[in-house]
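J.: here is my input; please provide its structure:
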Amino acid sequence: MCLLLGATGVGKTLLVKRLQKLSSREGKSDLGDPPPTQPTVGTDLTDIMAQKKMTIRELGGCMGPIWSSYYGDCHSVLFMIDASDPTQLSLSCVQLLGLLSAEQLANVSVLILFNKIDMPCYMTLEEMKSLIRLPDIIACAKQCITIAEISARDGTGLAGVLRWLQDTHKAIS
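T.: Numbers count the residues shown, from 1 in each chain. The predicted model follows:
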């Protein structure tokens, strides 16, 4: 199982819908218009085809205080950060540090997704890495961490996320 975590409003639900569509279209790149989404209250399970069926458990951002109760059956983590909202960056950093320090997640692979790079006011990857001291976080983490810039809205970078999921899922099968 892959956990999808991040603060409220970072685009987790849209990401899952887009990955599901991308995986069902055998890599065809035209995703069409973004589907409507509602904030997730609680948890949502979505199956995608990453060579084999894989389940992504999306946890609503408002559930941050109890995310740890879902770590037990987790083999990988997608952690989303909103690249267009500098006011949310410190919260995202605290949440990231919390999950990286969780003993249950010590051996999982983590993909940090900087979403909303299609927005005119997004922060560059270098700005965000500097603001949250990401190189230091990665150096101290027990997990294998990968980072990617994406736009769940226009599809930028989503093929790479699907590839990461396939590779990670293959490694644990």
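J.: the strands in the protein, which residues?
T.: With DSSP state E, the ranges of strands along the chain come out as 2-6, 43-50, 52-59, 76-82, 109-115, 144-149.
J.: list the strands paired with the shortest one, with their directions.
T.: Strand 2-6 sits in its sheet next to strand 52-59 (parallel), strand 76-82 (parallel), going by DSSP bridges.
J.: about what we covered before: lowest-confidence stretch among the strands of the chain?
T.: The minimum mean pLDDT among the strands of the chain belongs to strand 43-50 (a mean of 88).
J.: got a list of contacts for that one?
T.: Strand 43-50 is contacted by residues 13, 16-17, 19-20, 23-24, 53-60, 63, 70, 162, 165-166, 169 when judged by CB atoms under 8 Å, 6 or more residues apart in numbering. Placement of C-beta: from N, CA and C, glycine included.
J.: please redo it, this time with the cut-off set to 10 Å
T.: By CB atoms under 10 Å, 6 or more residues apart in numbering, the surrounding residues in contact with strand 43-50 are 1-4, 12-13, 15-17, 19-26, 53-60, 63, 67, 70, 161-170.
J.: how far away from the center of its chain is that strand?
T.: Chain-centre distance of strand 43-50: 13 Å, with CA atoms, centre = their mean, to the nearest Å.
J.: tabulate the CA atom coordinates of it in CSV.
T.: Extracted in CSV, the C-alpha atoms of strand 43-50 (Å, rounded to 0.1, in the frame of the first residue of the first chain):
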residue,chain,number,x,y,z
THR,A,43,-9.4,8.4,3.9
ASP,A,44,-9.9,7.3,0.3
LEU,A,45,-8.6,4.1,-1.3
THR,A,46,-7.8,4.1,-5.1
ASP,A,47,-6.5,1.3,-7.2
ILE,A,48,-4.2,2.1,-10.0
MET,A,49,-2.4,-0.2,-12.5
ALA,A,50,1.3,0.1,-12.0
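J.: tell me what angle it forms with strand 52-59.
T.: 150 degrees (axes from the mean of the first three to the mean of the last three CA atoms, to 10 degrees).
J.: next, the buried residues of strand 43-50.
T.: 46, 48, 49, 50 (16 or more other CB atoms under 10 Å).
J.: repeat for stretch 103-119
T.: Buried residues in stretch 103-119 (16+ other CB under 10 Å): 105, 108, 109, 110, 111, 112, 113, 114, 115, 116, 117.
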